[in-house]
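**Student:** model this:
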Amino acid sequence: MNFKSTLASILLSVVHITVNASPIEHASRSALDVFNPTILTPTASTVWTIGDIQSVTWDTSNAPENISNGALVLLSNVELVLAQGFDFRSGSVNFTVPNVAPGTYHITLFGDSGDISPDFQIVV
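**Tutor:** Numbers count the residues shown, from 1 in each chain. Okay, the predicted model is just below:
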């Protein structure tokens, strides 16, 4: 095979791939909305007791219609999941305070985006 026919084959292959390539589908604007809610509770004056039922609450007043990511509440400092798989637009989730060392903690709320609570206390 000579150089000209090899070059022609390569060019035809590139044209074929380019012509037959699928277009990239862009997500709709609403699917790209980011929701960064303010955590309302716990606050800096909050004290949770191990074993009690508590809740994290957040402001949903400007939540987008579609929130694509799964919701998650994380007890930071120990990276412990307190709740997951709930509707992020609900504005709250309840759980049992886990058996962790008493001390200062904060909550991280995840969804399409998220927020971090002020530090608060967990006691025995």
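**Student:** give the contact list for Gly91.
**Tutor:** Gly91 makes contact with 57-60, according to Cβ atoms under 8 Å, 6 or more residues apart in numbering. C-betas here are computed from N, CA, C, even on glycine.
**Student:** so which of those residues wins on neighbours?
**Tutor:** Within the contacts of Gly91, most neighbours by other Cβ atoms under 10 Å means Trp58, with 25 neighbours.
**Student:** list the contacts of that residue.
**Tutor:** Taking Cβ under 8 Å, 6+ apart, one finds 37-40, 91-92, 109, 115 in contact with Trp58.
**Student:** 10 Å instead?
**Tutor:** By Cβ atoms under 10 Å, 6 or more residues apart in numbering, Trp58 lies in contact with 35-41, 71, 73, 88, 90-93, 107, 109, 111, 114-115, 117.
**Student:** tell me, how many residues neighbour the nearest residue to it once chain neighbours are set aside?
**Tutor:** Leaving out its chain neighbours, the residue that sits closest to Trp58 by Cβ to Cβ, 6 or more residues apart in numbering is Pro37, at 4.1 Å. By other Cβ under 10 Å, the residues close to Pro37 number 21.
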